[in-house]
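Enquirer: What follows is a predicted protein model with its sequence.
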Amino acid sequence: QVQLVESGGGLVQAGGSLRLSCAASGRTFNSTAMAWFRQPPGKEREFVAGIGWSGSRAYYADSVKGRFTISRDNAKNTMYLQMNSLKPEDTAVYYCAVRGRNGIVPTTPRGYDYWGQGTQVTVSS
């Protein structure tokens, strides 16, 4: 059974940093895309960042470019999201997602097959 577990969320002041981790178990995902999505209060889930299987391709939402960095360690079956210069509008539940098939790095939720339970990130002003 596939399980994705996020960690690293919390409360931080504006301008601060957090590092999210997503540990996968149940199968190896070193040949498929992984991504982070977030869901702000009262809004739909939105794409934050995605990364190809080798880590050489990374894609970001315009709202986080230059502030967030996605990475992965295939040996550990783990993905990370380094978040710097956090803003109050970054407040959301952050979810990690893994694609079960090889190929592209989707930017919509329907492109992913496995999801974590989410971790809360709150940025105070």
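Expert: Right, received. Where do you want to start?

Enquirer: Where does the residue lying closest to G55 once chain neighbours are set aside sit: helix, strand or coil?
Expert: Spatial nearest neighbour of G55, excluding adjacent residues (Cβ to Cβ, 6 or more residues apart in numbering): R72 at 5.2 Å. Every C-beta, even on glycine, is put in place using the N, C-alpha and C of the backbone. Assigned state for R72: strand (three-state reduction, DSSP: H, G, I helix; E, B strand; the rest coil).

Enquirer: For R67, what are phi and psi?
Expert: Main-chain dihedrals, R67, degrees, to the nearest 10: phi -120, psi -40.

Enquirer: Return the distance of the closest residue in space to it that isn't next to it in sequence relative to C96.
Expert: Using Cβ to Cβ, 6+ apart and skipping residues adjacent in sequence, the residue nearest R67 is S85, 4.6 Å away. According to Cβ to Cβ, to the nearest Å, S85 and C96 sit 21 Å apart.

Enquirer: same question, S63
Expert: 18 Å.

Enquirer: which of the two has more neighbours?
Expert: C96 (28 against 14; other Cβ atoms under 10 Å).

Enquirer: Would you enumerate the residues in contact with the residue nearest to R67?
Expert: G15, S17, R67 (Cβ atoms under 8 Å, 6 or more residues apart in numbering).
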